[in-house]
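1. structure for the following, please:
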Amino acid sequence: MTAGPAWRRREPPLDPAAVLATGTAVEALAARTREHPAAGRLRAAAGDGWLLVLGEAADLPWSPQVRYLGWDAGVLMPTALRPGAPADLAAREARRRCGQELVVLLPDALLGGPMPARPLDVRRLPSPTQTQAPSQGKTPSRQADSPFPEATP
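-> Numbers count the residues shown, from 1 in each chain. Predicted coordinates:
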């Protein structure tokens, strides 16, 4: 999916709806989210080496080395980039490959997991000992022992 047509600059950019940290940036985003005044209005999903925080643009925490994402054709994509293929086709293929409710399509990865339905519990955000690099060459999904509440239908 990510090795297809080159991604291009998106003008205008999408409105931010999520912030994604991978690898060593997960710890910093988790710390910023814990301290954020809007933490009670945020939701989160996590997988092997990644943390995704969802919320209104004004509520999203800032952290170094993260990517801001917005909704396009029902999947999250970088706010300032668009896929070389039409967004609806790229999104449909990403959902098919990922097989998850929550899909994040990036130039270098495809992430997925259940859509978090409840506000996050900041006490359960990843700690430094839980942070690890994301897996390469596979679609990470939320782990069974994720620190986040299960999505509810």
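
2. find the nearest non-adjacent residue to Glu56, please.
-> Distances taken as C-beta to C-beta, 6 or more residues apart in numbering place Arg41 nearest to Glu56, at 7.1 Å, with adjacent residues excluded. Where C-beta positions appear, they are placed from N, C-alpha and C, glycine not excepted.

3. isn't that neighbour right up against Gly55?
-> Yes. Between Arg41 and Gly55 there is a contact under C-beta atoms under 8 Å: 5.8 Å.

4. so which of these two has more stuff around it?
-> The neighbour count for Arg41 versus Gly55, taken as other C-beta atoms under 10 Å, is higher for Gly55 (22 against 13).

5. the more buried one contacts Gly40, doesn't it?
-> No. Counting by C-beta under 8 Å, Gly55 does not reach Gly40; the two are 10.0 Å apart.

6. so what's the nearest residue to Leu42 once chain neighbours are set aside up against?
-> Spatial nearest neighbour of Leu42, excluding adjacent residues (C-beta to C-beta, 6+ apart): Gly55 at 4.2 Å. Going by C-beta atoms under 8 Å, 6 or more residues apart in numbering, Gly55 touches Ala17, Ala18, Ala38, Arg41, Leu42, Arg43.

7. just the buried members of those?
-> Buried subset of the contacts of Gly55 (neighbour count, 16 or more other C-beta atoms under 10 Å): Ala17, Ala18, Leu42, Arg43.

8. ramachandran angles for Asp15?
-> phi -70, psi 130 (degrees, to the nearest 10).

9. which pLDDT value belongs to it?
-> If you check Asp15, the pLDDT there is 98.

10. how many residues are close by it?
-> Neighbour number of Asp15 under other C-beta under 10 Å is 11.
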